[in-house]
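*Asks:* dropping a prediction and its sequence here:
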Protein chains: 2
Amino acid sequence: MAQTDTVTRILDTAEVLFAERGFAETSLRNITSKAKVNLAAVNYHFGSKKALIQAVFARYLDPFTERFHTALDELESEYGERPVPLEVLLECMARTVLEVPAERNSLKVFMRLLGLAYTQAQGHLRRFIQAHYGSVFTRFAELVRRATPDLPDAERFWRLHFMLGTVIFTLSGLDALRDIAEKDYGEHVSVRELIRRLRPVVVAGMNAPLPESARAAS
Amino acid sequence: MAQTDTVTRILDTAEVLFAERGFAETSLRNITSKAKVNLAAVNYHFGSKKALIQAVFARYLDPFTERFHTALDELESEYGERPVPLEVLLECMARTVLEVPAERNSLKVFMRLLGLAYTQAQGHLRRFIQAHYGSVFTRFAELVRRATPDLPDAERFWRLHFMLGTVIFTLSGLDALRDIAEKDYGEHVSVRELIRRLRPVVVAGMNAPLPESARAAS
DNA sequence: TCTGATTATAAACGATTGTTTAAAACATAG
DNA sequence: CTATGTTTTAAACAATCGTTTATAATCAGA
């Protein structure tokens, strides 16, 4: 039983430190000392630092993809052949993202990790995430395609990533932005309130008019 | 004259490596060996690695803020007391962002650096950028305020950062996205074309309907 | 051409990194 | 209790990090 305890203590500490300072800036000694665990325990239980990083992600993404798949199952059986409206799809994704880390009050950590997965070099991480969790995103993208039949494929592809960028960038850099916001007009904003603000912006962005044709551009 | 040569060779190499792998993952030995410069040259000319990082940013942001200020000057004198339309402001910013690195074909590097500035911990960088270049952003935000008088202050603040997130996130992670895009539908997309696609999305996001009131939310 | 300051260089510094080793502690089944 | 397999531990590993030092090379001004 002490084994499980050590493994989860390492994961709990690692995810916080990774989220705060990034992967390269967090040493195994930082993690093990704060987790009150022997240094060698990381290599013993996980094999390497890279594997630890992937394990941290898997602990969030495994339940996320599972819940997201069943949520999409429900939507598909509810709507049958009819396309699921875009707002419903976005709402579904947002709800799932909020649910997963809610149990440990770690939404902020989860968001920050997603941001790091995009921006930190860490080629192994991108490959790991793509290989293990790419399919659920493909499925979501296909549903979005049916919800926005007028959008050219390329346009929809990019707008989906614009949307992802907005959300992940905002929620991942939340602490820094919150500092500025509080200094500017003294309002403390919660993650859920931010998501409330994000929704109309994202929907409007997805439904924006098509850009002027490439040839007509200056 | 050899001095200037060494300094710029260090900066040229450092910005590329930083953009590719991040700050912590790029060692001074990586930089100096690739730049064919002695290791100690960095500490001699810049003082420290932190100072080198800041110098890399200053080389982009100094001309950027200067050009942006004069471009905003022209807009203000053109419109006088009337508010500058939002589209014009965004167009002005986009044009300035494109102009600065154009001389060295390093738009990709510039964008990637901006993304890193947001996401990498590097507290000293955030403070440096805020202290040196915060004023031009404040000025821009004030012009946006006059262009969108119907938007509550808090809402506009967050939407501006949503927009920044979309653009920086997209252009900073461009290489990864481009790989996916090419694999999905074989189209190679240029930065300028991406900006063309971004514009209507950003404008629509800024002009999106207000979210349901906080109290009415679930 | 000599002088004095600036720049380049090679070598070493101590600190920290991820990982491995070998022995100790522990748990559990016979 | 004993024996076996698992987990923990302290110590050391080689590699790399940013920085410093002392010396050599280069330059500009008189």
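*Replies:* Great, that's in hand.
*Asks:* any idea which element residue A:199 lies in?
*Replies:* Taking DSSP states H and E as the definition, residue A:199 sits inside helix A:191-206.
*Asks:* is that helix anywhere near chain B?
*Replies:* Yes: applying CB under 8 Å from any CB of the partner chain, one finds that helix A:191-206 is in contact with chain B at A:192-194, A:196-206. To be clear about C-beta, it is placed using only N, CA and C from the backbone, and glycine gets the same treatment.
*Asks:* where along chain A do the helices fall?
*Replies:* A:2-21, A:28-35, A:40-45, A:49-79, A:86-102, A:107-119, A:123-147, A:153-172, A:174-185, A:191-206 (DSSP state H).
*Asks:* format the ones you listed as CSV; extra columns: mean pLDDT.
*Replies:* Shown next, in CSV, are the helices of chain A (pLDDT from 0 to 100):
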stretch, mean pLDDT
helix A:2-21, 88
helix A:28-35, 97
helix A:40-45, 97
helix A:49-79, 96
helix A:86-102, 90
helix A:107-119, 85
helix A:123-147, 92
helix A:153-172, 89
helix A:174-185, 75
helix A:191-206, 90
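*Asks:* as CSV, the ones you listed with mean neighbour count would be great.
*Replies:* Formatted as CSV, the helices of chain A follow (neighbours: other CB atoms under 10 Å in any protein chain shown):
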stretch, mean neighbour count
helix A:2-21, 17
helix A:28-35, 17
helix A:40-45, 16
helix A:49-79, 17
helix A:86-102, 17
helix A:107-119, 22
helix A:123-147, 15
helix A:153-172, 22
helix A:174-185, 14
helix A:191-206, 20
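*Asks:* tabulate the ones you listed in JSON lines, adding columns for distance to residue B:107.
*Replies:* JSON lines is the format used below for the helices of chain A (distance: least, CB to CB, whole Å):
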{"stretch": "helix A:2-21", "distance to residue B:107": "29"}
{"stretch": "helix A:28-35", "distance to residue B:107": "36"}
{"stretch": "helix A:40-45", "distance to residue B:107": "40"}
{"stretch": "helix A:49-79", "distance to residue B:107": "30"}
{"stretch": "helix A:86-102", "distance to residue B:107": "31"}
{"stretch": "helix A:107-119", "distance to residue B:107": "18"}
{"stretch": "helix A:123-147", "distance to residue B:107": "22"}
{"stretch": "helix A:153-172", "distance to residue B:107": "17"}
{"stretch": "helix A:174-185", "distance to residue B:107": "24"}
{"stretch": "helix A:191-206", "distance to residue B:107": "23"}
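*Asks:* isn't residue A:185 up against residue B:154?
*Replies:* Yes: between residue A:185 and residue B:154 there is a contact under CB atoms under 8 Å: 6.3 Å.
*Asks:* from residue A:204, how far out is the nearest residue to residue A:184 once chain neighbours are set aside?
*Replies:* Excluding the flanking residues, the one nearest residue A:184 by CB to CB, 6 or more residues apart in numbering or on different chains is residue B:157, at 6.5 Å. With distances taken as CB to CB, to the nearest Å, residue B:157 is found 17 Å from residue A:204.
*Asks:* cool, residue A:192 as well?
*Replies:* Look at residue A:192 and residue A:204: by CB to CB, they are 20 Å apart.
*Asks:* what's the domain layout of chain A?
*Replies:* For chain A, the structural domains run A:1-47, A:57-217, going by automatic domain parsing.
*Asks:* can you put those in CSV and add distance to residue B:98?
*Replies:* Output for those, formatted as CSV (distance: least, CB to CB, whole Å):
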stretch, distance to residue B:98
domain A:1-47, 29
domain A:57-217, 13
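*Asks:* nearest approach to DNA strand D belongs to which of those?
*Replies:* domain A:1-47 (3.4 Å; CB to the nearest atom of the strand).
*Asks:* need the contact list for the one residue sitting closest to the centre of chain A.
*Replies:* With distances taken as CA atoms, centre = their mean, residue A:114 lies nearest the centre of chain A, 4.2 Å away. Residues near residue A:114 by CB atoms under 8 Å, 6 or more residues apart in numbering or on different chains: A:168, A:172.
*Asks:* now do 6 Å
*Replies:* residue A:168 (CB atoms under 6 Å, 6 or more residues apart in numbering or on different chains).
*Asks:* do the same with residue A:105
*Replies:* Going by CB under 6 Å, 6+ apart, the list of residues near residue A:105 is empty.
*Asks:* got it, and residue A:118?
*Replies:* residue B:173.
*Asks:* got it, and residue A:135?
*Replies:* So residue A:135 contacts nothing (CB under 6 Å, 6+ apart).
*Asks:* quick revisit: and the helix holding residue A:199, what does it pack onto?
*Replies:* In terms of contacts (3 or more CB pairs under 6 Å, 6 or more residues apart in numbering or on different chains; DSSP states H and E), helix A:191-206 is packed against helix B:191-206.
*Asks:* kindly recompute the last result at 8 Å.
*Replies:* Using 3 or more CB pairs under 8 Å, 6 or more residues apart in numbering or on different chains; DSSP states H and E, the elements in contact with helix A:191-206 are helix A:86-102, helix A:107-119, helix A:153-172, helix B:153-172, helix B:191-206.
*Asks:* DNA strand D contacts on chain A?
*Replies:* A:2-3, A:5-6, A:37-41, A:44-45 (CB under 7 Å from any atom of the strand).
*Asks:* swap in 10 Å and give it another go.
*Replies:* A:1-7, A:9-10, A:24, A:28-29, A:32, A:35-45 (CB under 10 Å from any atom of the strand).
*Asks:* of those residues, list those near chain B.
*Replies:* Answer for the residues of chain A next to DNA strand D near chain B (CB under 8 Å from any CB): residue A:24.
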